[in-house]
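Trainee: Predicted model and sequence follow; I will ask about them next.
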Amino acid sequence: MPKKRVLLTGASGSMGGEAFKELLRRRDRYHIVLLLRPSKKNRKAFAQYYGQEGIDIVWGDLCNPDDVLQAVNGVDHVLHPAALIAPEADRNPPLCRRINCGAADNLIAAIKKQPDNGDHIRFVNIGSVAQYGDRLPPVHMVRVGDPMKPSVGDFYATTKMAAERAVIESGLKYWASMRQTYIAIPNALSLMDPIMFHQPVNTHIELITSEDAGYGLVQTVEAPDDFYGRVYNMGGGPSCRVVFEDYMGRMMHMFGLGDFRKIMPLNWFALRNLHCCWYEDSYVLNDYLGHWRHSIDDHYRQVRDVIPWYLKYGARIAPNFVVRAFLKRMADPLKWITNNEEEKVQAFFGSREAWERIPDWKAYAVNERVAVGWPRQKRLEEYTLDDLKELAASRGGGLLSTDFVDVRTKLKWRCALGHEWEATPLLHIVGHWCPQCVAPPWDYDSQARVDPALAAVYYSNHDPNEHQKVEWLYCPNE
């Protein structure tokens, strides 16, 4: 029997790179196809595999339909983790959309050009936890179906939402989308970026190691047919849950810097408007893939094992006042306050006055109140017309269609602001809503007033009297 042909995008990235390693371990079962940009770095990194039996490398661009078609021709599986991520994604929104949305569109089109309309091909798309926006306590537990609200200025998240929407509505017979959480890599120095200060210290994070992310992606190749046609949250499970304050504390200790609270005041960090959460339902994906192999302690060991010896004694090499001065230059929130950048101050703090009220570390405690409770989700085949009417009402809108076939047959909908569109019920069951209200622009203050489901997760850290509508808000390394 010929080997199944598996196309992998993004093999030079963290998740894709680990997926490629896992596919190499299974070369006795699968023929590997890679679509890689012909950059000097990629050509050097993958030179040893070029021409090897069982590996085909297509040098091309995911934004080029012809290159994508060449890579898709003859494959049985498409694994798609490739993306332009932040902060690069936010520097260049048009490029971000061209890559993240264009790649998905091109892959869908190429699959449909295969024999039998590509009905034999299994397509796995990688979404992002960023689609949910910030979910701070008490709404830090998240599941598929929660309303999505990408943080203000997060173009990466909006393009991942758009790409996922295209996949769900594509009409492909076999597709799945996995909303990937924060991928923790051993190189903890990657944390040393201005974006670390955009993260509220009480952010709850369910991380996953890059190895488990790549392993899980490859495991989809062996998943049964009922795995497809669904959206999943992909995290590392309860053993990978942590609060950002504790995560930072552990990392700084490993770098020999002691208590980071003595170096970085609390008001260096944003109060809201990034992302991450704990997944209430990440076990659903693990039941299919069995990718929960590492815990957060395994991640800490990985970090410790690769820290250069001289960095383990950071405080001896660089006194705290030197480290503090270095990090202060990266603390974007201080720049926004100093430069009176009102849009950013409002998005990340609510107001300058809110920033001024931030206490010192001694007066601060992480808020871990009980998360919002959501009704039990039905199985897809259990949904009725009345359920869909209730779903639309929960968003402040309505279902205009009167006939219901199944969750994959398009119906007509209306949002609370009067926009009308056609979409499958499945799209809205997994958390998407009005295509005209979706960011950009970001106008959650107006939408939350008429959308009860959005209000339930938005007003946990926003005042109902706020009003901010943003077309553009670039932050990292501007």
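Mentor: Here it is on my side, so go on.
Trainee: which one is residue 37 nearest to, not counting chain neighbours?
Mentor: Leaving out its chain neighbours, the residue that sits closest to residue 37 by Cβ to Cβ, 6 or more residues apart in numbering is residue 61, at 6.2 Å. For glycine as for every other residue, the C-beta is placed from the backbone atoms N, C-alpha and C.
Trainee: Near the one you found, how many other residues are there?
Mentor: 17 (other Cβ atoms under 10 Å).
Trainee: swap in residue 411?
Mentor: Look at residue 411: counted by other Cβ under 10 Å, it has 21 neighbours.
Trainee: Cross-check the contact I'm expecting between residue 259 and residue 248.
Mentor: No - applying Cβ atoms under 8 Å as the test, residue 259 and residue 248 come out as separate, 10.2 Å apart.
Trainee: Which one of these two is surrounded by more residues?
Mentor: With neighbours defined as other Cβ under 10 Å, residue 259 and residue 248 compare such that residue 248 has more, 19 against 12.
Trainee: gap between that one and residue 205?
Mentor: 11 Å (Cβ to Cβ, to the nearest Å).
Trainee: send the alpha carbons of the lengthiest helix in the chain over as PDB?
Mentor: Scanning the chain for the helix with the most residues, using DSSP state H, yields helix 93-112. Presented in PDB, the C-alpha positions along helix 93-112 are these (Å, rounded to 0.1, in the frame of the first residue of the first chain):
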ATOM      1  CA  PRO A  93      -1.500  44.500   8.700                       C
ATOM      2  CA  PRO A  94      -1.900  44.200   4.900                       C
ATOM      3  CA  LEU A  95       1.000  41.600   4.800                       C
ATOM      4  CA  CYS A  96      -0.500  39.800   7.800                       C
ATOM      5  CA  ARG A  97      -3.900  39.500   6.100                       C
ATOM      6  CA  ARG A  98      -2.200  38.400   2.800                       C
ATOM      7  CA  ILE A  99      -0.300  35.600   4.500                       C
ATOM      8  CA  ASN A 100      -2.700  34.400   7.200                       C
ATOM      9  CA  CYS A 101      -5.900  34.700   5.200                       C
ATOM     10  CA  GLY A 102      -4.400  34.300   1.700                       C
ATOM     11  CA  ALA A 103      -2.700  31.000   2.600                       C
ATOM     12  CA  ALA A 104      -5.900  29.500   3.900                       C
ATOM     13  CA  ASP A 105      -7.800  30.600   0.900                       C
ATOM     14  CA  ASN A 106      -5.200  29.200  -1.500                       C
ATOM     15  CA  LEU A 107      -5.000  25.900   0.300                       C
ATOM     16  CA  ILE A 108      -8.800  25.500   0.300                       C
ATOM     17  CA  ALA A 109      -8.900  26.400  -3.500                       C
ATOM     18  CA  ALA A 110      -6.100  23.900  -4.200                       C
ATOM     19  CA  ILE A 111      -7.800  21.100  -2.300                       C
ATOM     20  CA  LYS A 112     -11.000  21.700  -4.300                       C
END
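Trainee: Now find how far off-centre that helix is within its chain.
Mentor: Taking Cα atoms, centre = their mean, to the nearest Å, one finds the center of helix 93-112 at 17 Å from the center of the full chain.
Trainee: After that helix, which helix or strand is next?
Mentor: For helix 93-112, the succeeding helix or strand toward the C-terminus, using DSSP states H and E, is strand 122-128.
Trainee: which residues touch the next helix or strand after that next one?
Mentor: The helix or strand immediately downstream of strand 122-128 is strand 141-142, counting by DSSP H and E. Residues outside strand 141-142 that contact it (Cβ atoms under 8 Å, 6 or more residues apart in numbering): 129, 132, 135, 233, 277-280, 371-372.
Trainee: ok, now stretch 347-358?
Mentor: Residues outside stretch 347-358 that contact it (Cβ under 8 Å, 6+ apart) are 151-153, 198, 266-267, 270-273, 333, 336-337, 340, 345, 461-463, 466, 468, 470, 473.
Trainee: Which SSE is immediately downstream of the lowest-mean-pLDDT helix or strand in the chain?
Mentor: Of all helical and strand segments in the chain, the minimum by mean pLDDT, DSSP states H and E falls on helix 314-317, at a mean of 56. Where DSSP H and E defines the elements, the next helix or strand beyond helix 314-317 is helix 320-330.
Trainee: which helices and strands sit right next to the helix or strand just after that following helix?
Mentor: Per DSSP H and E, helix 320-330 leads on to helix 332-338 as the next helix or strand towards the C-terminus. Using 3 or more Cβ pairs under 8 Å, 6 or more residues apart in numbering; DSSP states H and E, the elements in contact with helix 332-338 are helix 342-349, helix 352-356.
Trainee: which of those sits most buried?
Mentor: helix 342-349 (a mean of 21; mean count of other Cβ atoms under 10 Å).
Trainee: ok, back up a step: just give me the closest of the contacts of strand 141-142 to residue 223.
Mentor: For the contacts of strand 141-142, the residue nearest residue 223 by Cβ to Cβ is residue 233; the value is 15.9 Å.
Trainee: Pull up the pairing partners for the helix or strand encompassing that closest one, direction included.
Mentor: Per DSSP H and E: residue 233 is located in strand 230-234. Using DSSP bridges, strand 230-234 pairs in its sheet with strand 174-180 (parallel).
Trainee: The residue positioned nearest the centre of the chain: what's it in contact with?
Mentor: Central residue of the chain (Cα atoms, centre = their mean): residue 128, 1.8 Å from the mean position. Contact analysis of residue 128 by Cβ under 8 Å, 6+ apart lists 83, 156-157, 160, 179-180.
Trainee: how far away is the closest residue to it other than its chain neighbours from residue 463?
Mentor: Nearest residue to residue 128, sequence neighbours excluded (Cβ to Cβ, 6+ apart): residue 160, at 4.5 Å. Using Cβ to Cβ, one gets 28 Å for the distance from residue 160 to residue 463.
Trainee: Then residue 279?
Mentor: 28 Å.
Trainee: Same drill for those two, tell me which one is more crowded.
Mentor: residue 279 (28 against 11).
Trainee: Touching, the more buried one and residue 207? I think so.
Mentor: No - counting by Cβ under 8 Å, residue 279 does not reach residue 207; the two are 10.7 Å apart.
Trainee: Quick check: neighbours shared by those two?
Mentor: With Cβ under 8 Å, 6+ apart, residue 279 and residue 207 have common neighbours 181, 235.
Trainee: Domain map for this structure?
Mentor: When the chain is parsed with automatic domain parsing, its domains come out as 4-182+210-234+281-291, 380-458.
Trainee: Single out the most deeply packed of those domains.
Mentor: Greatest burial across these, using mean count of other Cβ under 10 Å, falls to domain 4-182+210-234+281-291, with a mean of 20.
Trainee: Just the endpoints, please. Distance across it?
Mentor: Distance across domain 4-182+210-234+281-291, first residue to last, is 21 Å (Cα to Cα, to the nearest Å).
Trainee: how distant is it from the center of its chain?
Mentor: Here the centre of domain 4-182+210-234+281-291 is set off from its chain's centre by 12 Å, with Cα atoms, centre = their mean.
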